[in-house]
Every structure is written in structure tokens, then in C-alpha cells.
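Asks: Quick check, what structure comes out for this input:
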Amino acid sequence: QVQLVESGGGLVQAGDSLTLSCAASGRTLNDFSDYGMGWFRQPLGKDREFVAAISATGGSKYAGDSVKGRVDISRDNSKNMVYLQLNSLKPEDTAVYYCAATRAVVATTQDVYRYWGRGTQVTVSS
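Replies: You can find the predicted model right below:
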């Protein structure tokens with residue numbers, strides 16, 4: 001099993017920036033650099049959507065259309081951490097943000113991700 005714990009969410013104002021963190025651990029986490037990592041979000045009452053993904057070694061990054069140009073995903077394999085920086089936040093970015101891990105090199109669709117965190121709430125006020 002791989003455990004993922006998100007942190008860094010909170011209440012922010014429109015235009016602010018926020019960095020979310022995800023810590024990975026677990027008995028079967030032999031090498032964090034074997035896992036592609038992703039961030040997804042789910043607004044209240046809506047479907048979960050792709051936000052960003054980073055390849056196992058960090059060499060490739062992808063962003064969802066709704067956040068492209070405003071988001072940066074990064075990882076520190078020495079610390080088993082992945083980060084999501086959100087810039088120029090808008091009220092429509094309000095959602096629960098989830099960190100996920102996949103044995104695939106990288107993936108942008110949630111069905112490929114096997115491990116999920118419990119999420120962290122981000123609320124953007126106008």
C-alpha cells in the first residue's frame with residue numbers, strides 16, 4: 001500500500017497563490033521515483049477533474065485546460081513529496097484537491113491512478 005497525505009489547503013482570496021503538498025509513504029513504496037504523480041480536484045457537486053501530472057522522474061509535466069498557465073507541479077523524489085503551485089486563483093478553483101499515484105510513468109486520466117489521498121480543501125473567495 002501507498003499512503004498519500006495532502007496538505008496546504010485553506011481559504012484564500014482571488015488572485016492569490018497557494019502551494020499544496022503531498023507526502024507519500026507506505027510499505028510498498030520502495031522507490032517513489034517509480035510512480036507517476038497527479039493532482040485532481042472535485043468541486044462540490046461536480047465530477048472530479050484532472051489538474052496536473054508529473055512523470056516518475058519529473059521530466060514531463062501536464063496541466064489541465066482549466067488551470068493551464070496558472071499551475072506548476074513539481075516533485076522531490078528524495079523526500080517522497082509532490083507539490084502543486086496554483087497561481088492567480090479564481091473562485092472557480094474552489095474544490096477538494098486530491099493527490100494520486102500511478103505505476104505508469106505519467107497519466108492524465110484518473111482511472112490509471114491506483115492510490116489516492118483524502119484530499120485538501122481549497123476555497124477561493126472573490
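Asks: hey, let's count contacts and neighbours off CA atoms from now on
Replies: OK.
Asks: State the number of residues packed around the closest residue in space to Tyr113 that isn't next to it in sequence.
Replies: Excluding its sequence neighbours, the residue lying closest to Tyr113 (Cα to Cα, 6 or more residues apart in numbering) is Thr102, at 4.5 Å. Thr102 has 21 neighbours, counted by other Cα atoms under 10 Å.
Asks: Likewise for the one 3 residues further on?
Replies: Burial of Val105 is recorded as 17 neighbouring residues (other Cα under 10 Å).
Asks: same deal with Thr120?
Replies: 21.
Asks: what separates it from Gly59, distance-wise?
Replies: The spacing between Thr120 and Gly59, counted by Cα to Cα, to the nearest Å, is 26 Å.
Asks: about what we covered before: report the beta-bridge partner residues of the residue nearest to Tyr113.
Replies: Thr102 has the following beta-bridge partners by DSSP bridges: Gly36.
Asks: Can you tell me how far it is from Gly36?
Replies: 5 Å.
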